[in-house]
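S.K.: Please find the sequence and the predicted model below.
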Amino acid sequence: MFLKYHLSLLLILFIIKYVASKPEIVPDLHKQHLNAEHHDLQYDHDKFLGEDESKVFDSLPPEESKRRLGVIVDKIDTNNDGFVETEELKKWIQYTQRRYIDDDATRQWKQHTFDRDKNGTISWEEYKKNTYGFMDDMDPRDIEREDDGFSYKTMLNRDRRRWAAASTGDGETLTFEEFTVFLHPEDVPRMRNVVVLETLEDIDRDKDGKISVDEYIGDMYKHSENEEEPDWVVSERDVFKKFRDHDGDGFLNKEEIHEWITPKDFDHAEAEAKHLVFEADTNEDNRLTKDEILDKYDLFVGSQATDFGEALTKHDEF
């Protein structure tokens, strides 16, 4: 759970940085998928297929990937006009996002068999025992020992704080819906303060309660001695100064972090759909044919329209 939790948070930050890098400039959305001067295909794959499915899809031979992608394209084209419009792609991405979240929550709910008394809720004590019970036999020094800024004690406390925020009742028990919010808080309005705080805790290495430009960059790029920063890093420094640090003091406070990771009127699914159309639309008519998508199959089978990797291998229709 410790590793899975940490990786989930890293994924949140990854989405924030590479999809919402410049939410104020919609035409530049495709540029946000550039990392270290190469196109970040894995993010596109996870968005199009879904996180679980993209892992399976990536293991398929190219011809099988194309065949199954063709089946997906037919499903996305809901009006059967032979074209995939941005809105159709957006709805598909929203569907795969929601499916991944629901499947993950269901899997964890069943896997840990929290609700042994069948009352439809999980208590914090049940969750704590099942997830952190191993700590009872650990040396207290090992519990508090930090590894890259994280310790078991830190993660336990963060889970407890997130658990209380996810609850709409007494803060001690969660329904399945609240448990889903606990696992995937990133798009839930009442959880935004928790997500902001977790982001600050992860990036604020000197623990001064704010994020410096070097901490902001350091979370994306590890500088090597005598190495010149690549252009995308120089650009990110400029983004920090012009779009993130509103008061110009050289740091991001909690309010500025909030605006960064939960930008107003920014739709991640729409941004990804526009990006995919931009990358694959060879005749520039702002819509995609099946051939255009299949010609760029390496973009889509590593995209959120394929949260579908698993579906591509499991479903009978393939």
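M.R.: It's in. Residues are numbered from 1 along each chain as shown.
S.K.: what about the strands in this protein?
M.R.: Per DSSP state E, the chain carries strands over the ranges 34-35, 38-39, 121-123, 173-175, 211-212, 251-252.
S.K.: how about low-confidence regions in the stretch 101-250 of the chain?
M.R.: Within the stretch 101-250 of the chain, the segments meeting pLDDT under 70 span 113-118.
S.K.: switch the cut-off to 90
M.R.: 108-121, 126, 130, 140, 143-152, 186-187, 218-229, 232 (pLDDT under 90).
S.K.: related to what we said a few turns ago, if we compare the strands of the chain, which one ends up closest to residue 221?
M.R.: Nearest to residue 221, of all the strands of the chain, is strand 34-35, at 8.9 Å by Cβ to Cβ. In this view, the C-beta of every residue, glycine as well, is placed from N, C-alpha and C.
S.K.: Report the rounded mean pLDDT for the closest one.
M.R.: In this model, strand 34-35 carries a mean pLDDT of 43.
S.K.: quick one: residue 66 and residue 300, what's the gap?
M.R.: Remark: distance between residue 66 and residue 300 (Cβ to Cβ, to the nearest Å) = 10 Å.
S.K.: Just give the nearest non-adjacent residue to residue 75, would you?
M.R.: residue 92 (7.5 Å; Cβ to Cβ, 6 or more residues apart in numbering).
S.K.: State the distance from residue 264 to residue 189.
M.R.: For residue 264 relative to residue 189 (Cβ to Cβ), the value is 12 Å.
S.K.: typo on my end, residue 233
M.R.: 32 Å.
S.K.: do residue 86 as well
M.R.: From residue 86 to residue 189 the distance is 25 Å (Cβ to Cβ).
S.K.: okay, those two: which has more neighbours?
M.R.: The neighbour count for residue 86 versus residue 189, taken as other Cβ atoms under 10 Å, is higher for residue 86 (17 against 7).
S.K.: how about that one, what does it touch?
M.R.: Listed by Cβ atoms under 8 Å, 6 or more residues apart in numbering, the contact set of residue 86 reads 270, 273-274, 277, 286-287.
S.K.: And the buried ones among the residues you listed, selectable in PyMOL?
M.R.: The buried residues among those can be selected in PyMOL (16 or more other Cβ atoms under 10 Å) with this line:
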select buried, resi 270+273+274+277+287
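S.K.: Just want to know which of residue 66 and residue 300 has more residues nearby.
M.R.: Legend: neighbour count by other Cβ under 10 Å for residue 66 and residue 300, higher for residue 300 (30 against 17).
S.K.: Now the more buried one: closest residue in space that isn't a chain neighbour?
M.R.: Using Cβ to Cβ, 6+ apart, the closest residue to residue 300 is residue 48 (5.2 Å).
S.K.: can you redo the strands of the chain as CSV with mean neighbour count and distance to residue 73?
M.R.: Output for the strands of the chain, formatted as CSV (neighbours: other Cβ atoms under 10 Å; distance: least, Cβ to Cβ, whole Å):
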stretch, mean neighbour count, distance to residue 73
strand 34-35, 16, 26
strand 38-39, 12, 21
strand 121-123, 19, 39
strand 173-175, 20, 37
strand 211-212, 22, 41
strand 251-252, 22, 41
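S.K.: Select, out of these, the one closest to residue 225.
M.R.: With Cβ to Cβ as the criterion, residue 225 lies closest to strand 211-212 of the strands of the chain, at 19.8 Å.
S.K.: Which of the contacts of residue 86 sits closest to residue 103?
M.R.: Closest to residue 103, out of all of these and judged by Cβ to Cβ, is residue 273, at 21.6 Å.
S.K.: check contacts around that closest one.
M.R.: If you count contacts by Cβ under 8 Å, 6+ apart, residue 273 has them with 86-87, 89-90, 93, 305.
S.K.: Can you flag the buried ones in those?
M.R.: For these, buried by 16+ other Cβ under 10 Å: 86, 89-90, 93, 305.
S.K.: Flag the least confident of the residues you listed.
M.R.: For the buried ones among the contacts of residue 273, the least confident entry is residue 305, with 58.
S.K.: Could you list the buried residues of stretch 168-186?
M.R.: 173-176, 178-186.
S.K.: Touching it from outside, list them.
M.R.: 8, 12, 15, 101-102, 104-105, 108-109, 120-125, 162-167, 188, 190-191, 194-195.
S.K.: mind running it again at 6 Å?
M.R.: For stretch 168-186, the surrounding residues in contact (Cβ atoms under 6 Å, 6 or more residues apart in numbering) are 12, 101, 105, 121-124, 162-164, 166-167, 188, 191, 195.
S.K.: Quick one, which of these are buried?
M.R.: Looking at the contacts of stretch 168-186 with 16+ other Cβ under 10 Å, the buried ones turn out to be 12, 101, 105, 121-124, 162-163, 166-167, 188, 191, 195.
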